[in-house]
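Participant: With the input below, show me the fold.
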Amino acid sequence: MLNSGFHKKALDEYPKDGSSRILLLEWRESSTGEVMTLDLRKKGEIYFIVCFYLYGTKRLDMDYSDGELIENIIRNEKVAIMPQGNIGLDGCMCSILFTDGLNSAEYEWWVDPVEEWKPFGEIVEILFKYIQN
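Facilitator: Modelled structure (predicted):
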């Protein structure tokens, strides 16, 4: 599940800068065991991603339009509670956690989200556009 090991510690220690969390995404690569946690945050009109890797932490600023698109997906898209599952050997496990006040929802999938969870794939594409640069 999300927030295990050093990532939980790093998230707990992240400076309290008045920003609010939009979502957490944890990406676990099966072949290498590499884990990366992305913390999408907003402060005023600024969206940014805090990336937690095994070897450090990095902050990446995000275009306002991409941040708004992600928030629109979160607030307006509909997803199945539990679609048909899939399994595999090589690939990535992805967990995404949404929180708003006392409400929260966490989803986890293997490789690519199934059709009923397509909005999660759209969010991952937007986030990865920033970390791959």
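
Participant: Need the residue closest to the centroid of this structure.
Facilitator: residue 25 (2.1 Å; C-alpha atoms, centre = their mean).

Participant: Point out where the chain drops to low pLDDT.
Facilitator: 1-15, 89, 133 (pLDDT under 70).

Participant: could you show me where the strands are in it, in order?
Facilitator: 20-29, 35-43, 46-53, 56-62, 92-100, 103-110 (DSSP state E).

Participant: most packed of these?
Facilitator: Mean neighbours per residue, mean count of other C-beta atoms under 10 Å, is largest over the strands of the chain for strand 35-43, with a mean of 20. Using the backbone N, CA and C atoms, a C-beta is placed for each residue, glycine as well.

Participant: can you pull the contacts of the residue nearest to the centre of the chain?
Facilitator: 37-38, 40, 94-97, 123-124, 127 (C-beta atoms under 8 Å, 6 or more residues apart in numbering).

Participant: How much space separates it from residue 56?
Facilitator: Per C-beta to C-beta, to the nearest Å, residue 25 is found 18 Å from residue 56.

Participant: I appreciate the help and will end here.
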